[in-house]
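**Student:** this one's sequence-less:
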């Protein structure tokens, strides 16, 4: 029984959910991040859309787009 509980604990503690990906306008100069590739806030973007992780976007100091609140 202890063996099963230990295996269950190891299995559950090693599980990590996939990281959320967001979109930003270009690799530099962005101020906001967007969950949707076709967000209304990205219509003025003149650069290539870049897909990054949510933690990476927040690390850049970006905030969530006002259209996606």
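**Tutor:** Arrived safely. Given the structure is predicted, the values throughout are model-derived calculations rather than measurements.
**Student:** Show me the helices in the chain, by range?
**Tutor:** When secondary structure is read from DSSP state H, the chain shows helices at 2-14, 54-59.
**Student:** If you average pLDDT over each of those helices, which is lowest?
**Tutor:** Set side by side, the helices of the chain give their lowest mean pLDDT on helix 2-14, at a mean of 75.
**Student:** got a list of what the most centrally placed residue in the chain touches?
**Tutor:** Centre of the chain computed as the mean C-alpha position; nearest residue by C-alpha atoms, centre = their mean is residue 54, 2.5 Å away. Residue 54 makes contacts with 19, 20, 21, 22, 33, as judged by C-beta atoms under 8 Å, 6 or more residues apart in numbering. Heads up, the C-betas are built off the backbone N, CA and C, glycines and all.
**Student:** count of residues packed around the first one?
**Tutor:** Burial measure for residue 19: 11 neighbouring residues, criterion other C-beta atoms under 10 Å.
**Student:** any idea how far residue 35 is from the closest residue in space to residue 25 that isn't next to it in sequence?
**Tutor:** Distances taken as C-beta to C-beta, 6 or more residues apart in numbering place residue 45 nearest to residue 25, at 3.8 Å, with adjacent residues excluded. For residue 45, the distance to residue 35 (C-beta to C-beta, to the nearest Å) stands at 15 Å.
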